[in-house]
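A.B. asks: Pasted the sequence and its predicted model underneath.
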Amino acid sequence: MGVGKTTVSKLLAAKLNREFIDIDEVIEKEFNLPVPEIFQKFGEKVFRDKEKELITRITKQEGKIISVGGGAFLQENIKNECLTNCTVIYLSISFENWKDRLSLIIDSRPVLQGKTLGEMEELFNKRKAIYANHHLQIEVDNKNPEEVVKEILIKGELKK
Ligand SMILES: Nc1ncnc2c1ncn2[C@@H]1O[C@H](COP(=O)(O)OP(=O)(O)OP(=O)(O)O)[C@@H](O)[C@H]1O
Ligand SMILES: O=C(O)C1=C[C@@H](O)[C@@H](O)[C@H](O)C1
Ligand SMILES: [Mg+2]
C-alpha cells in the first residue's frame, strides 16, 4: 500500500502506449465515492467483493497496464487470476522508506486508520509473504517513479 503502483503504472502505460486502469479508481467511479467512504458506508467486504469482480474481469483483457489496490492479493483467487493472466510486477519497499511516505497516504487508506506505527509495521511484514509470488520484483527504495519505470522496461518482458 502506497509503494507507488498507481503512480508507476500510469507512467509505464504512457511509455508503452497502453491503456492504464487503476482498480481503486474504477471502484470509486462505480460507487461515486472515495475509497474511505466506501469502507465507511458499505464495509470492507463490499469493497473486496467489487475488487475481486473487477480484477477477475479486467485481467482477462489483453494489452492493459493495471494497478490493483494494496490489499487485492489478500484474496487468493485474485492473486491466481493475476498470476495466470498477467505479468505481475511486485514493487518492493523497505519499512524505513515506506514510513517516509506515510503522510502522503494516511488519510486516504482506511486500512491504516487508527493503527499505531508498530501495528502498521506488523501489517507491512505480514503482507510481504502474500506478495511473494510474482513475475518481476523491483526495489523502489530511494528511486523516483521514472527510475522505477526505467528498471521495469529494462528487466521485464510484459505479456501482450
Ligand atoms: N518512487 C516514489 N518516490 C516517492 N514518492 C512516491 C513514489 N511513488 C509514489 N510516490 C508517492 O507515494 C504516494 C502513494 O503512491 P501511489 O498512490 O502510487 O501508491 P499505490 O501503491 O498505488 O497505493 P495503493 O496500494 O494504496 O493503491 C503518492 O503520494 C505518490 O506520489
Ligand atoms: O492495502 C489495502 O488494503 C488497500 C489499498 C488501497 O489501494 C485501497 O484498495 C484500499 O484503501 C485498501
Ligand atoms: Mg494505487
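C.D. replies: Perfect, I can see it now. Ligands and ions are numbered 1, 2, ... in the order given.
A.B. asks: At the contact with ligand 3, which residues of the protein appear?
C.D. replies: Residues of the chain lying close to ligand 3 (CB under 5 Å from the ion) are 5, 6. The way it works is simple: take the backbone N, C-alpha and C, and place the C-beta from them, glycine included.
A.B. asks: and the residue in the chain that ligand 3 sits nearest to, how many residues sit next to it?
C.D. replies: Closest contact between the chain and ligand 3, by CB to the ion, is at residue 6 (3.3 Å). Neighbour count of residue 6, defined by other CB atoms under 10 Å: 19.
A.B. asks: residues contacting it?
C.D. replies: 22, 24, 25, 67 (CB atoms under 8 Å, 6 or more residues apart in numbering).
A.B. asks: repeat that with 10 Å
C.D. replies: 20, 22, 23, 24, 25, 67, 68, 69, 70, 145 (CB atoms under 10 Å, 6 or more residues apart in numbering).
A.B. asks: what do you get for residue 68?
C.D. replies: Contact partners of residue 68, counting by CB under 10 Å, 6+ apart, are 5-6, 9, 21-24, 51, 54-55, 58-59, 78-79, 82, 86, 88.
A.B. asks: cool, residue 153 as well?
C.D. replies: Applying CB under 10 Å, 6+ apart, the residues near residue 153 are 12, 15, 16.
A.B. asks: Can I have the buried ones of the contacts of residue 6 as a PyMOL selection?
C.D. replies: To isolate in PyMOL the members of the contacts of residue 6 that are buried, counting by 16 or more other CB atoms under 10 Å, one can use:
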select buried, resi 20+22+23+24+67+68+69+70+145
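A.B. asks: Which ones among the contacts of residue 6 lie within helices?
C.D. replies: Those of the contacts of residue 6 mapping onto helices are 23, 24, 25, 145, per DSSP state H.
A.B. asks: can I get those in a markdown table with distance to residue 129 and pLDDT?
C.D. replies: Formatted as a markdown table, the ones in helices among the contacts of residue 6 follow (distance: CB to CB, whole Å; pLDDT from 0 to 100):
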| residue | distance to residue 129 | pLDDT |
| --- | --- | --- |
| 23 | 22 | 98 |
| 24 | 23 | 98 |
| 25 | 27 | 98 |
| 145 | 26 | 98 |
